[in-house]
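[1] Sequence and predicted model, in that order:
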Amino acid sequence: MLDKAPNGNVSELLSTLDSALTAGDIDRAVDLFQTDCYWRDLISFTWNIKTLEGQPQIRDMLQARLADTKPSHWKIAEGEDASENDGITESWIQFETAVGRGFGHLRLKDGRIWTLLTTLSELKGFEEPTGFDRPMGAKHGVERNRKTWKEEREAEAAELGISRQPYCVIIGGGQGGIALGARLRQLNVPTIIIEKNERPGDSWRKRYKSLCLHDPVWYDHLPYLPFPANWPVFSPKDKIGDWLEMYTKVMELNYWNSTVCKKASYDEASGEWTVVVARDGKDIVLKPKQLVLATGMSAKPNLPKFEGMDVFKGDQHHSSQHPGPDKYAGRKAVVIGSNNSAHDICAALWEAGADVTMVQRSSTHIVKSNSLMELGLAGLYSEQAVRSGMTTAKADLIFASLPYRILHEFQIPIYNAIRERDADFYKRLEAAGFMLDYGEDGSGLFMKYLRRGSGYYIDVGASELVANGSIKLKSGVDVQRLTGHSVVLTDGTELPADLVVYATGYGSMNGFAADLISKDVADKVGKVWGLGSSTTKDPGPWEGEQRNMWKPTQQPGLWFHGGNLHQSRHYSQFLSLQLKARMEGIPTDVYGLQEMHHRG
């Protein structure tokens, strides 16, 4: 018989929390938390993405937000049971606020709350039209001059941005902009997505031809339309491009392709943006209330400035512009960098018959794809997880329920196990001279990604070419200068080169804001991305969330959205609800607005 003790314990605690919050007894509510506790809120209480660490921070938030939030009806989520393992009780929970319905996750330790995740699922009165509320589509009966669905869509596309202004403009029509656009479409928020490329998906199609997703399919679904069950585990770039193009069409997004955003400015008095875009040979002025920069982490390539770049006579380009290896067969290539793009490009050049040298300037974390899938992702994002009842939404929330302050503690054992499993692989890489790291605290890939968005490679084959010398390696050096036909390194080595690829990463997303809006606005917002962990490329102070991502910024009406497919899917829900609430005039007093840090 199923042990109901965990259910009883959780239900009793939630009942006490409910009565304490309803009565405004903040001290009694806070006493239900461990001294060492974490409450991560995705807009349900704070209208922000905010982690509260410890009882004092929770008390401060409740004192500021309880009266407006009016939480109620706390209980174990319908159809769910609490569970207990190794002294930790876990449960899915649901609750309501004055304006919405929430869903969350709870961990109890010694009968008190250790971690609490609260998320806003929907706004009351503005629910998505799904299930029993889905639109009819067909219009039964008779009506003169009836417009078909196609005619209505064409009329909408012709009007929005021309005779009728959008409420929201999204700059960037890649996976992030498309996912957010789909969410806003379901919430009836008039939105235009601006994309400079000719077709949706071109941001993938135009990359080097060997590019595949290194994340598995279960991690990469878009909102509403998951990939089919026979979709490949690792998606080739052109296949992803075609999926995004199909998705954009069937989700009925107002997608302005072949359109360049030239400039944007904000009027404080009217609370309105002026966005100038070039489309079909003319400038169009848009006047949205909300502007979302969904240009991702690859909007501003970091192109280094080395002496002699102007005299080099071969081909040279940033990795984002690399056309592929075909014309470099039999030629000498030098790739500056040692992370994902560098490895992919080196391997593709070697396969095409080029003589390839990788220049590794700093250490890189390497993890074999199979090891990452089996030890790092299998519990949440795998076929085994699906077969055991795990859904994408639950997997996202479980991952979100672990506060960033302690997330590394859960990651370190995973990467210790990977290091043990693949010890011979790492030994051979180091013997080849490759400089390895496992993150500054041994926490591996995910923490490096969250902290800095760089510094790693998921090995799908290139590392073996480095280990056996097929891809030549120069490590622990930098580029001193280029000559007409070579790259000279700081140790004096001269590498003959017909091609130089700068796989040197990308700048902060607020660099795009500086170009599009102004440096003053970019400085006002501060650094975008990173946790403030005081590790390499993630300077403090500690923020505990991704800086300025998916949440209000110091610049009213300006939002940043992006990340990998998982983040674009998951956080688009909460960004769309924030925008919808503002459009409908729902009070959205933000608690703990992100402060400005690190203008550069």
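    That came through fine.
[2] What's the biggest strand in this protein, counting residues?
    Counting by DSSP state E, the longest strand found in the chain is strand 112-123.
[3] If we go by neighbour counts, what in whichever helix or strand comes after it is buried?
    Moving toward the C-terminus from strand 112-123, the next helix or strand (DSSP states H and E) is helix 149-159. For helix 149-159, the neighbour count (16 or more other C-beta atoms under 10 Å) marks A157 as buried. Every C-beta, even on glycine, is put in place using the N, C-alpha and C of the backbone.
[4] which residues sit against helix 149-159?
    137, 147, 252, 254 (C-beta atoms under 8 Å, 6 or more residues apart in numbering).
[5] just stretch 429-445 next, same as before
    338, 360, 362-367, 372, 376, 407-408, 411-412, 414-416, 418-419, 426, 447-448, 455-456, 458, 463, 466-469, 473, 475-476, 535-536.
[6] Next: stretch 483-494.
    Residues contacting stretch 483-494 (C-beta under 8 Å, 6+ apart): 308, 311-314, 334, 336, 359, 474, 477-482, 495-498, 500.
[7] what about E252, how many residues close to it?
    Counted with other C-beta atoms under 10 Å, the neighbours of E252 add up to 15.
[8] distance of the residue nearest to M509 when sequence neighbours are not counted from G125?
    Of all residues not flanking M509 in the chain, V528 sits nearest, at 4.0 Å (C-beta to C-beta, 6 or more residues apart in numbering). Separation of V528 from G125 (C-beta to C-beta, to the nearest Å) stands at 33 Å.
[9] These two: which has the busier surroundings?
    More crowded of V528 and G125, by other C-beta under 10 Å: V528, with 24 against 9.
[10] ok, now how distant is the more buried one from H597?
    10 Å.
[11] what is in contact with those two at once?
    In contact with both V528 and H597: R547, using C-beta under 8 Å, 6+ apart.
[12] Check what pLDDT S298 gets.
    Confidence at S298, expressed as pLDDT, is 59.
[13] quick one on the thing from earlier: list only those of the contacts of stretch 429-445 flagged as buried.
    338, 360, 363-367, 372, 376, 407-408, 411-412, 414-415, 418-419, 426, 447-448, 455-456, 458, 463, 466-467, 473, 475, 535-536.
[14] For the longest strand of the chain, C-alpha coordinates in CSV please.
    Output in CSV follows, covering the C-alpha atoms of strand 112-123 (Å, rounded to 0.1, in the frame of the first residue of the first chain):
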residue,chain,number,x,y,z
ARG,A,112,10.7,22.5,7.5
ILE,A,113,11.1,24.1,4.1
TRP,A,114,14.5,23.8,2.6
THR,A,115,13.8,24.8,-1.0
LEU,A,116,10.6,26.3,-2.4
LEU,A,117,9.9,27.1,-6.0
THR,A,118,6.9,29.2,-6.9
THR,A,119,5.9,30.0,-10.5
LEU,A,120,3.0,31.9,-12.0
SER,A,121,1.3,29.5,-14.4
GLU,A,122,-1.5,31.7,-15.7
LEU,A,123,-3.3,35.0,-15.1
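[15] rewinding a little: of the buried ones among the contacts of stretch 429-445, which belong to helices?
    Among these, the residues falling in helices (DSSP state H) are 407-408, 411-412, 414-415, 418-419, 426, 447-448, 463, 466-467.
[16] May I see those residues arranged in JSON lines, with distance to E543 as well?
    What follows is those, written out as JSON lines (distance: C-beta to C-beta, whole Å):
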{"residue": "L407", "distance to E543": "14"}
{"residue": "H408", "distance to E543": "15"}
{"residue": "Q411", "distance to E543": "19"}
{"residue": "I412", "distance to E543": "21"}
{"residue": "I414", "distance to E543": "24"}
{"residue": "Y415", "distance to E543": "23"}
{"residue": "I418", "distance to E543": "28"}
{"residue": "R419", "distance to E543": "29"}
{"residue": "Y426", "distance to E543": "32"}
{"residue": "M447", "distance to E543": "14"}
{"residue": "K448", "distance to E543": "17"}
{"residue": "S463", "distance to E543": "33"}
{"residue": "V466", "distance to E543": "35"}
{"residue": "A467", "distance to E543": "38"}
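[17] Can you tell me which of those residues is nearest A513?
    K448 (24.3 Å; C-beta to C-beta).
[18] Relative to L253, how far out is that closest one?
    33 Å.
[19] now V10
    From V10 to L253 the distance is 40 Å (C-beta to C-beta).
[20] now do A179
    In terms of C-beta to C-beta, A179 sits 10 Å off from L253.
[21] Among these two, which residue is more densely surrounded?
    Neighbours were counted for A179 and for L253 using other C-beta under 10 Å; A179 has more, 30 against 23.
[22] Which strand or helix spans that one?
    helix 175-186.
[23] List the neighbouring strands of the following helix or strand past that helix plus their orientation.
    Per DSSP H and E, the first helix or strand lying C-terminal to helix 175-186 is strand 191-194. Sheet pairing of strand 191-194 (DSSP bridges) gives strand 168-171 (parallel), strand 255-256 (parallel).
[24] residues making contact with strand 191-194?
    160-161, 166-173, 177-178, 181, 184-185, 253-256, 259, 261, 275, 277, 286, 288, 294.
[25] now do 7 Å
    160-161, 166-171, 173, 177-178, 181, 184-185, 253-256, 259, 261, 277, 286 (C-beta atoms under 7 Å, 6 or more residues apart in numbering).
[26] Repeat that for stretch 198-210.
    173-174, 178, 197, 237-238, 240-242, 244-245, 248, 255, 257-258, 322, 324, 344-345, 348.
[27] now those: which count as buried?
    By 16+ other C-beta under 10 Å, the contacts of stretch 198-210 give 173-174, 178, 197, 237, 240-242, 244-245, 248, 255, 257, 322, 344-345, 348 as buried.
[28] Any of the contacts of stretch 483-494 buried? List them.
    For those, buried by 16+ other C-beta under 10 Å: 312, 314, 334, 336, 359, 474, 479-482, 495, 497-498, 500.
[29] Among these, which pair sits farthest apart?
    Q480 and D498 (19.2 Å).
[30] Just give me the neighbour total for R207.
    Using other C-beta under 10 Å as the criterion, the residues surrounding R207 number 22.
[31] ok, now S270?
    Counted by other C-beta under 10 Å, the residues lying close to S270 total 10.
[32] ok, V334 touching P496?
    No - counting by C-beta atoms under 7 Å, P496 is not a contact partner of V334; they are 8.6 Å apart.
[33] so what's in contact with the two at the same time?
    With C-beta under 7 Å, 6+ apart as the test, V334 and P496 reach no residue in common.
[34] which ones among the contacts of stretch 483-494 are found in strands?
    334, 336, 359, 474, 479-482, 495-496, 500.
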